[in-house]
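Colleague: take this sequence and fold it.
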Amino acid sequence: MKVDVKKLNKISEIREEVLVLGVFQGQASRDKVVNQVDDLTGGVVVRFLAKNKKFGKIFDTVTFHISPKDHKKLERVVLVGLGKPEKLDVYVLRQIAGFIGKNAVKETTSMALYLPQQAKIADNADMVVTGVATGMFDPGHHKSKNEESKEKVKVESITFLTEEIVKSDQMQKGLLMADAINKAREVVNKPANIITPEYMVNFAKKMAAEGKLKIEIFSEKQVNEMGMGIMASVARGSEEDLYFVVMRYLGAGSQGPTLAIVGKGITFDSGGISIKPSESMEWMKMDMAGAAACFGAMEVIAKLKFKINVICACPLTENLLSGKATKPGDVVTGLSGKTVEVINTDAEGRLVLSDALTYVQKNFKPDYIVDLATLTGASVVALGNVATAALGRPQKFVDAVIQAGEQTGERMWQLPLYDEYRDLLKSYIADIANISPGRGAGTETGAKFLEEFVDKKQKWVHLDIAPTAWEEGDKPYISKGATGYGITTLVDLAFNLSKKGGL
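Modeller: A predicted model of the protein is given here:
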């Protein structure tokens, strides 16, 4: 898909088939572009707005068809509500852009989009492009296609009409991020009989090739030989091999800052011996969303050539039950030398991440670490599907990660890492237990477990993306299923760190 930017002059000069106009609630009738469109409809637009004075709420939409006599190219004009100007932040803007991509560009090859100056498109052009392009994503990969659907018309070009100066590289950044997000969503959506650990390895290889990244792939045998026994314990119940993937982007040389991103890659999580309830277990194919996001972010960072070094480390395995599976009460030893009593085999994400965190610190000594994992159901209980739980240290780095999320429309909410949560993970037989015996503070104790494997002076943030990696139902701005959450946050975090030379 091509993206272009043009200065808005006259509606008569538009060469696209569909024009989408964003309008604020109660202000549409005063917009000069709307009034130009009204001339093409013989006053129909203004009459509609006069009868619907509150039109413009978020996701409000109305379509006006244009006669060939009135315009040679333009076939439809779509008004889309932006809500109230004071509430239009990046989060809402990205949702509206997704709504446009999902609903307003059907059966057309070209679209022009105009948002009023108050929308500040010059500051957020990349997120608007990302929103539109991800809104067009179709999750129905495995539906039988009839002849009609095979010939479905798709958007080939989008032109942004603006009165502001918008840099074309912002648009390209948005396209790159959208492409990576949609690739990640595709693999997360696919069933676990297709997306095996080996499939994810091949996916990682493709992303590395696209970004010209260095990649190392360690087999299950090598993982055991290196002493990553905690990670290896999770894979015992599966007939699929465990893999540990390490990607490297070296954009800053020996003097620049290094960011490590670590993603949980459980391609299916049955819970192991501590088996999950059958209800909604099919969703557990999405337990590798953290790894998919890391791979996607690496491709974008490499293509944008940020002046920063980025290490990506992702363990890939299934968590199944068999006669060889790890049992509750087993004790395993990790790369750090620490021992873990596995109280619950369904708390496996923290197990694979613990050795991955140890590995990147020992081998790369990063300045910063961010891990992404669909780690706990407790985070969903706490935050719904609205925000990601963020925990880490020091506060300045936590703030930097949250800020990167805010500037790309990915919400986060910080939860505490009190020392008392570590007391809940005491084991009488090992250095630490993998879960608390109580019911409370599931997200905090999960993060506290990970902190055990992070050096005391290490800048580190854990993102529990269980609330945001998956949409349980169809939304106006995004289809049901995988969201690709985390990619834009990681990309902008890497850019911010490269621009500042670190914190």
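
Colleague: report back the residue of the chain that's furthest from centre.
Modeller: Lys69 (44.7 Å; CA atoms, centre = their mean).

Colleague: can you list the low-confidence ranges for the protein?
Modeller: Counting by pLDDT under 70, the chain has low-confidence residues at 141-153, 502.

Colleague: could you list the domains of it?
Modeller: 2-163, 178-500 (automatic domain parsing).

Colleague: could I get these in JSON lines, plus columns for distance to Gln172?
Modeller: Every residue, glycine included, has its C-beta placed from N, CA and C. Formatted as JSON lines, the entries for those read as follows, by distance: least, CB to CB, whole Å:
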{"stretch": "domain 2-163", "distance to Gln172": "7"}
{"stretch": "domain 178-500", "distance to Gln172": "9"}
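
Colleague: just the ones you listed: most buried one?
Modeller: Mean neighbour count (mean count of other CB atoms under 10 Å) peaks for domain 178-500 among the domains of the chain, with a mean of 21.

Colleague: let's see the distance spanning that domain from one end to the other.
Modeller: Terminal residues of domain 178-500 are spaced 25 Å apart (CA to CA, to the nearest Å).

Colleague: how close does Leu82 get to Ile429?
Modeller: Look at Leu82 and Ile429: by CB to CB, to the nearest Å, they are 59 Å apart.

Colleague: Glu216 contacts Met226, correct?
Modeller: No - applying CB atoms under 8 Å, one finds Glu216 not in contact with Met226, separated by 11.8 Å.

Colleague: so what does the helix or strand hosting Leu175 touch, helix or strand wise?
Modeller: Assessed by DSSP states H and E, Leu175 sits inside helix 168-189. Contact partners of helix 168-189 among helices and strands, from 3 or more CB pairs under 8 Å, 6 or more residues apart in numbering; DSSP states H and E: strand 2-7, helix 121-135, helix 197-211, helix 289-304, strand 481-482, helix 487-500.

Colleague: just give me how far the last one sits from the chain centre.
Modeller: Relative to its parent chain, helix 487-500 has a centroid offset of 14 Å by CA atoms, centre = their mean, to the nearest Å.

Colleague: and it with helix 289-304, angle?
Modeller: Between helix 487-500 and helix 289-304, the angle comes out at 40 degrees (axes from the mean of the first three to the mean of the last three CA atoms, to 10 degrees).

Colleague: and stretch 406-423, end to end?
Modeller: As for stretch 406-423, its first-to-last residue distance stands at 33 Å under the measure CA to CA.

Colleague: and if you look at stretch 312-332?
Modeller: The first residue of stretch 312-332 is 25 Å away from its last residue (CA to CA).

Colleague: also stretch 245-256?
Modeller: End-to-end distance (CA to CA), stretch 245-256: 23 Å.

Colleague: can you check stretch 233-243 too?
Modeller: Stretch 233-243 stretches 13 Å from its first residue to its last (CA to CA).

Colleague: and for stretch 207-226?
Modeller: 26 Å.

Colleague: quick one: that stretch to chain centroid distance?
Modeller: 22 Å.

Colleague: give me the contacts around it.
Modeller: With contact meaning CB atoms under 8 Å, 6 or more residues apart in numbering, stretch 207-226 is reached by 180, 183, 201, 204-205, 231-232, 235, 241-250, 295-296, 298-303, 335, 355, 359.

Colleague: picking up where we left off before, just so I know, which of the helices and strands packed on helix 168-189 lies nearest Ala325?
Modeller: helix 197-211 (15.8 Å; CB to CB).

Colleague: how many degrees apart are that closest one and helix 168-189 in direction?
Modeller: For helix 197-211 and helix 168-189, the angle between their directions (the same axes, to 10 degrees) works out to 170 degrees.

Colleague: restricting to C-alpha, output the next helix or strand after helix 197-211 in CSV.
Modeller: Using DSSP H and E, the helix or strand that directly follows helix 197-211 along the chain is strand 214-219. Coordinates of each C-alpha in strand 214-219 appear next as CSV, following Å, rounded to 0.1, in the frame of the first residue of the first chain:
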residue,chain,number,x,y,z
LYS,A,214,22.0,-11.3,13.2
ILE,A,215,20.2,-14.3,14.6
GLU,A,216,21.2,-17.3,16.7
ILE,A,217,19.0,-20.2,17.4
PHE,A,218,19.7,-22.6,20.3
SER,A,219,18.2,-26.0,20.3
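
Colleague: strand 214-219 vs helix 197-211, what angle?
Modeller: Using the same axes, to 10 degrees, one finds that strand 214-219 and helix 197-211 are set 170 degrees apart in direction.

Colleague: mind saving the C-alpha coords of the very next helix or strand once past strand 214-219 as PDB?
Modeller: Past strand 214-219, heading to the C-terminal end, the next element that is a helix or strand (DSSP H and E) is helix 220-225. Presented in PDB, the C-alpha positions along helix 220-225 are these (Å, rounded to 0.1, in the frame of the first residue of the first chain):
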ATOM      1  CA  GLU A 220      16.700 -27.700  23.400                       C
ATOM      2  CA  LYS A 221      19.900 -29.800  23.700                       C
ATOM      3  CA  GLN A 222      22.000 -26.600  23.700                       C
ATOM      4  CA  VAL A 223      19.700 -24.900  26.200                       C
ATOM      5  CA  ASN A 224      20.200 -27.800  28.600                       C
ATOM      6  CA  GLU A 225      24.000 -27.800  28.000                       C
END
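
Colleague: so which elements touch the lengthiest strand in the chain?
Modeller: For the chain, the longest strand by residue count, based on DSSP state E, is strand 309-319. The contact analysis (3+ CB pairs under 8 Å, 6+ apart) places strand 309-319 against helix 197-211, helix 229-234, strand 243-250, strand 258-263, strand 265-269, helix 289-304, helix 349-364.

Colleague: on that earlier part again, what about the residue farthest from the centre of the chain, distance to Leu40?
Modeller: 10 Å.

Colleague: returning to that earlier point: closest one to Thr267 among the helices and strands packed on helix 168-189?
Modeller: For Thr267, the closest of the helices and strands packed on helix 168-189 is helix 197-211, at 5.5 Å, according to CB to CB.

Colleague: quick one: the closest one to strand 265-269, angle?
Modeller: Per the same axes, to 10 degrees, the angle that helix 197-211 makes with strand 265-269 is 150 degrees.

Colleague: begin at 622, not 1, for the rest of this chat.
Modeller: Okay, residue one is now 622; in that scheme the one you just asked about reads as helix 818-832.

Colleague: so helix 818-832 versus strand 864-871, what angle?
Modeller: Taking the same axes, to 10 degrees, one finds that helix 818-832 is oriented at 10 degrees with respect to strand 864-871.

Colleague: now helix 818-832: how far from the chain's centre is it?
Modeller: Here helix 818-832 is found 17 Å from its chain centre; the criterion is CA atoms, centre = their mean.

Colleague: do the same with stretch 947-960
Modeller: Relative to the centre of its chain, stretch 947-960 is centred 31 Å away, using CA atoms, centre = their mean.

Colleague: repeat for stretch 644-659
Modeller: Worked out by CA atoms, centre = their mean, stretch 644-659 lies 34 Å from the chain centre.

Colleague: so which strand or helix has Lys1017?
Modeller: helix 1016-1027.
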